[in-house]
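Quick one, structure for this:
(chains A and B)
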Amino acid sequence: MLVTRAEVEHVAELARLALTETEIPYFQQQLSAILTEVEKMQEVPTDDVPPTSQVIPRTNVLRADVIGETLERDDILAIAPAHDGVRYSVPRILGEDE
Amino acid sequence: MESLADRTAHELSGMLAAGEVSAVELTKDALGVIERTNKALNSFLTVSDVQAMSAAKAVDEARARGEKLGPMAGIPVAVKDVLVTKGVTTTAGSRILEGFVPPYDATAVQRLRQAGAIIVGKTNMDEFAMGSSNENSGFGAVHHPWDLSRVPGGSSGGSAAAVAAGQAVAALGTDTGGSIRLPAAFCGLVAIKPTYGRVSRYGLIAFASSLDQVGPMTRDVTDAATLLEAISGHDPADATSLEDPADFTTGLDRGIKGLRVGIVKELFTEGMEPEVAAAVRRGIDQLVSLGAQVEECSLPSFKYALAAYHVIAPAEASSNLARFDGVRYGLRSPDARDVTEMMMRSREEGFGDEVKRRIMVGTYALSAGYYDAYYDKAQRVRTVVIRELEAAYENFDVLVGPTAPCVAFKLGDRVNDPVAMYLADIATIPMSLAGIPAITVPIGLADGLPVGLQIFGPHFSEAQILRAAFALEQSAGFDSRPRRDFAHSAAPQAKPGQP
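Down below sits the predicted model:
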């Protein structure tokens, strides 16, 4: 198994996914299979090859700094799960002792 | 039952202009087909019947006033549910966006509306466009209109099924590693993934930003060229969109005498179904008969494109999908003690398996200690693919190969084996990595199911590959009329892609 259980837990934590107990071994097996497939690309010699950063070479795409049309705050808040009329509402951010 | 929407857009456009039919009649027919067939196909997630009828009425009124209308005016079009539509629910096939009603239109959608096209609804898809069979939708699988026990391909499976069954005359799909081309090939349609930047990505819910492109799915090449023209062009809201002129319909029938065509031998992969390979070879023979200079060529790096893609696309996805945090839109898990728990549970509950898999692969590939071995390596392999293509285009005007290594497979066949599922995209990924345009044309059948031939050229060569596709289409004589024989039989139960 290429990926350990601890790695799956770590990656899930980084990706903010609260995996269930059954999901951890399931994804461990699948992630290992996928990463094994991906290993194939190590066969390509790339020491003298730069990594691609964009496919259509363009530099400095600029635009005039003018205020255009924007969306209304009320319309944006209306699609949020919770708000107080002017701001998004979220559960507590800081812990008890902070 | 006959329906006006079974015809092509260019045919209907002439009929509309001549006053033989109205946009209202045409739209009613398309909506009628949707009503009779959507239960069996599950191709639409939202049907915008009220908006569609009022848009059709507006087009008819404009025509009556003598306004000059374009070729898409009054044509019923379906839109993949990954493009946001103002006031119409948009889910990207995900439970995390269930009931999400966007406050603005994607640029491609806005251009469709400006062209007078009638948006009949939003089509089902693999969640966040991640999949090759449409079984990863959070709202159930889509069924293939030719055989309900099979997949339509993905991720734009709903759009493909809609056009193949006559629920719409044409559709918009999106393609990140083959998501327009694969379902089009499976369902016997024409579809083009344009050059990266040709169509604005503004309002396209992002999967992998360096790969995503919007494109048309139609029943013939002329319609594909016409629809692509309507949605192309620079958009100040997308800095990667191109200014280059977009004329794809002029000279479509000019023929391909002397066109230098390279057959990429690596695209005929080991696991390819022999009947599919034979059908593609027969298509290539027709290119020879049409006067093209055809030769085999080799692009060895194509063998590694799938691997590189499955690092790059998930890496970008892991970053793009971070926006689904339960704060600004979409699902929020209730009763969390703090904000981190709220985010973690919202994402766990809202995302399906494939999305979680890709987010984790991407996060892994970008995490400390693995970046060089995975992400950096993949972007270097991508450069090798691009360079080999550039070298090939010194000798050839266009390259060809199969669109897929197989025909539409059975529902459930690959859903629990992600690696087997990924292989369906093996012939479409290299073009995505290079950002070049690629078109699929139906050229025949294998085991009674459609086979697509893929033609791809250098950046900005859409006019050229469309011309080659047009010539091939005329000679192949594929019957692309919609099929809905199933309308009389009951649909088998769909199994969503869950363990």
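
contacts and neighbour counts: CA atoms only from here.
Noted.

mind listing what B:Asp29 touches?
B:Ser3, B:Leu4, B:Ala5 (C-alpha atoms under 8 Å, 6 or more residues apart in numbering or on different chains).

any idea how far it is from A:Arg16?
46 Å (C-alpha to C-alpha, to the nearest Å).

Quickly find the element holding residue 11.
This is for chain A. With elements taken from DSSP states H and E, the one containing A:Val11 is helix A:5-14.

Oops, wrong one, chain B.
Using DSSP H and E, B:Glu11 maps to helix B:9-17.

and the next helix-or-strand element following that helix with helix B:9-17, angle?
Next along the chain after helix B:9-17, taking DSSP H and E as the criterion, comes helix B:23-41. Between helix B:23-41 and helix B:9-17, the angle comes out at 140 degrees (axes from the mean of the first three to the mean of the last three C-alpha atoms, to 10 degrees).

in chain A, which spans are helices?
Secondary structure of chain A (DSSP state H): helices at A:5-14, A:23-38, A:73-78.

any low-confidence regions in the chain?
All of this is about chain A. Applying pLDDT under 70 to chain A picks out residues A:1, A:95-98.

Correction: the question concerned chain B.
B:487-499.

So which residue is dead centre in it?
In chain B, the residue lying closest to the centroid (C-alpha atoms, centre = their mean) is B:Ile180, at 2.0 Å.

give me every residue that touches the most centrally placed residue in chain A.
Ranked by distance to the mean C-alpha position of chain A (C-alpha atoms, centre = their mean), the top residue is A:Ala15 at 6.5 Å. For A:Ala15, the contact set (C-alpha under 8 Å, 6+ apart) comprises B:Ser318, B:Ala322, B:Ile359, B:Met360, B:Thr363.

try 7 Å this time
By C-alpha atoms under 7 Å, 6 or more residues apart in numbering or on different chains, the contact set of A:Ala15 is B:Ile359, B:Met360, B:Thr363.

Could you pick out the residues of the stretch 201-350 of chain B near chain A for me?
The stretch 201-350 of chain B has residues B:239, B:304, B:307-308, B:310, B:326-330, B:332, B:337-339, B:343-345, B:347-348 near chain A, with proximity defined as C-alpha under 7 Å from any C-alpha of the partner chain.

make it 6 Å
B:Tyr304, B:Ala307, B:Arg328, B:Tyr329, B:Asp338, B:Val339, B:Met344, B:Arg345, B:Arg347, B:Glu348 (C-alpha under 6 Å from any C-alpha of the partner chain).

Next up, the contacts around the fourth one.
Pointing back at B:Tyr329 there. Counting by C-alpha atoms under 6 Å, 6 or more residues apart in numbering or on different chains, B:Tyr329 touches A:Ile79, A:Ala80.

May I have the phi/psi pair for B:Gly140?
Torsion angles at B:Gly140 (phi, psi; degrees, to the nearest 10) stand at phi 90, psi 150.

sorry, back to before: ok, of the contacts of A:Ala15, which one's closest to B:Arg198?
Nearest to B:Arg198, judged by C-alpha to C-alpha, of these is B:Ile359 at 27.3 Å.

you'd agree that closest one is in a strand?
No - judged by DSSP: H, G, I helix; E, B strand; the rest coil, B:Ile359 forms no part of a strand; its state is helix.

number of nearby residues for it?
28 (other C-alpha atoms under 10 Å in any protein chain shown).

can you pull the contacts of it?
Residues in contact with B:Ile359 (C-alpha under 6 Å, 6+ apart) are B:Pro314, B:Ser318.

how much space between it and B:Val84?
22 Å.

How about B:Ser43?
B:Ser43 is 17 Å from B:Val84, by C-alpha to C-alpha.

Please apply the same query to B:Val142.
Applying C-alpha to C-alpha, the value for B:Val142 to B:Val84 is 21 Å.

okay, these two: which has more neighbours?
B:Val142 (40 against 29).

Contacts only, for that one.
B:Leu41, B:Asn42, B:Ser43.

Hmm, the first one is touching B:His143, no?
Looking back up the chat, that one is B:Leu41. Yes - contact status for B:Leu41 versus B:His143: in contact at 4.7 Å, counting by C-alpha atoms under 6 Å.

more neighbours, the two?
Taking other C-alpha under 10 Å, B:Leu41 and B:His143 do not tie; B:His143 has more neighbours (31 against 27).

Look up how far chain B lies from A:Ala6.
Using C-alpha to the nearest C-alpha, to the nearest Å, A:Ala6 is found at 12 Å from chain B.

ok, that residue - how many residues close by?
Neighbour tally, A:Ala6, other C-alpha under 10 Å: 11.

again, but for the one 5 residues further on
Residues lying near A:Val11 (other C-alpha under 10 Å) number 19.

Chain B versus that one, what's the distance?
Counting by C-alpha to the nearest C-alpha, the gap from A:Val11 to chain B is 6 Å.

Can you give me the distance of that residue to B:Val109?
36 Å.

what does A:Thr52 give?
Relative to B:Val109, and taking C-alpha to C-alpha, A:Thr52 is found at 30 Å.

So which of those two has more stuff around it?
Neighbour comparison, A:Thr52 and B:Val109: the larger count goes to B:Val109, with 23 against 18 (by other C-alpha under 10 Å).

and whatever residue of the stretch 51-200 of chain B ends up closest to chain A, what is it in contact with?
Closest approach of the stretch 51-200 of chain B to chain A (C-alpha to the nearest C-alpha) occurs at B:Pro103, with a separation of 6.6 Å. Shown in contact with B:Pro103 (C-alpha under 6 Å, 6+ apart): B:Lys86.

same thing but 10 Å
A:Leu71, A:Glu72, A:Asp75, A:Ile76, A:Ala78, A:Ile79, B:Val84, B:Thr85, B:Lys86, B:Gly87, B:Val88 (C-alpha atoms under 10 Å, 6 or more residues apart in numbering or on different chains).

Mind checking which of the residues you listed are in strands?
Using DSSP state E, no member of these falls in strands.

out of those residues, which are buried?
Buried subset of those (neighbour count, 16 or more other C-alpha atoms under 10 Å in any protein chain shown): A:Ile79, B:Val84, B:Thr85, B:Val88.

Measure how buried the nearest residue to the third one once chain neighbours are set aside is and give me the count.
The spatial neighbour of B:Thr85 that comes closest, neighbours along the chain excluded (C-alpha to C-alpha, 6 or more residues apart in numbering or on different chains), is B:Asp105 at 4.5 Å. Close neighbours of B:Asp105, defined as other C-alpha under 10 Å, add up to 19.

ok, B:Asp105 to B:Glu473 distance?
34 Å.

cool, B:Glu275 as well?
Going from B:Glu275 to B:Glu473 by C-alpha to C-alpha gives 20 Å.

can you check B:Phe100 too?
B:Phe100 is 40 Å from B:Glu473, by C-alpha to C-alpha.

can you check B:Leu306 too?
29 Å.

Comparing those two, which residue is more hemmed in?
The neighbour comparison of B:Leu306 against B:Glu473 (other C-alpha under 10 Å) goes to B:Leu306, with 26 against 19.

Show me what the host helix or strand of that one is packed up against.
Remark: B:Leu306 resides in helix B:302-320, with elements defined by DSSP H and E. When contacts are defined as 3 or more C-alpha pairs under 10 Å, 6 or more residues apart in numbering or on different chains; DSSP states H and E, helix B:302-320 sits against helix A:23-38, helix B:353-366, helix B:377-395, helix B:418-422, helix B:429-434.

helices or strands up against the following helix or strand past that helix?
As assigned by DSSP H and E, the chain's next helix or strand after helix B:302-320 is helix B:339-350. Using 3+ C-alpha pairs under 10 Å, 6+ apart as the contact test, the elements touching helix B:339-350 are helix A:5-14, helix B:353-366.

any idea of the angle helix B:339-350 forms with helix B:353-366?
Relative orientation of helix B:339-350 versus helix B:353-366 (the same axes, to 10 degrees): 130 degrees.

Show residues contacting helix B:339-350.
Contacts for helix B:339-350 (C-alpha under 10 Å, 6+ apart): A:12-20, A:90-95, B:94-98, B:138, B:321-322, B:324-327, B:330-336, B:356.
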